[in-house]
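1. Requesting a structural model of the entry that follows:
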Amino acid sequence: MSRAMSKLTPFLCALVLAAACGKKEEAAGAPPPVTKPAAGPAVAAAPAPAADPAARARELFTSQCAVCHGASGKGDGAGAASLDPKPRDYTDQAWQAATDDARIKKIILEGGAANGLAAAMPPYGGMLASEPAVLDELVKLIRSFGG
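-> Modelled structure (predicted):
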């Protein structure tokens, strides 16, 4: 028997013994609790729509976007210093004129990497896909930085 195998054998025996003991305790113990099936088909509950989509959009911009894009949308947030390329400056009139709302929504939902932009821009589809009114308000907020 090899030296490695002789060191491994006690460990394997202990593992098998522990597994066997666990099964005996499981079998000797109380039966597992019985769960009743749901009354109907399982349906995931949709999140409640935001009471004020504009307020929720402002909250999300402050907590998620302003870190890089800045509170005034100039791309000068605290997190922007370490990023290359720098975050989008929403006050840039040329960008505002060249970009449509659908493109802004797509980037918010899918993130930068999925749209040929900076990978540092995360996707927010998991958070906003079920809140279209909030997404619309977020686009309006981004547009408001353009004057």
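2. Thought V139 was touching L128, still the case?
-> No: applying Cβ atoms under 8 Å as the test, L128 and V139 come out as separate, 10.6 Å apart. Heads up, the C-betas are built off the backbone N, CA and C, glycines and all.
3. How is the protein divided into domains?
-> Using automatic domain parsing, the domain ranges for the chain come out as 1-29, 53-144.
4. Using a markdown table, lay out the ones you listed together with mean pLDDT and mean neighbour count.
-> Shown next, in a markdown table, are the domains of the chain (pLDDT from 0 to 100; neighbours: other Cβ atoms under 10 Å):
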| stretch | mean pLDDT | mean neighbour count |
| --- | --- | --- |
| domain 1-29 | 44 | 9 |
| domain 53-144 | 97 | 16 |
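5. Now do the strands in the protein.
-> With strands called from DSSP state E, the chain shows none.
6. Helices of that one, residue ranges please.
-> 3-28, 53-60, 66-69, 93-98, 101-110, 125-128, 132-144 (DSSP state H).
7. Check which helices and strands the last one is in contact with.
-> Right, helix 132-144. Contact here means 3 or more Cβ pairs under 8 Å, 6 or more residues apart in numbering; DSSP states H and E; on that basis helix 132-144 packs against helix 53-60, helix 101-110, helix 125-128.
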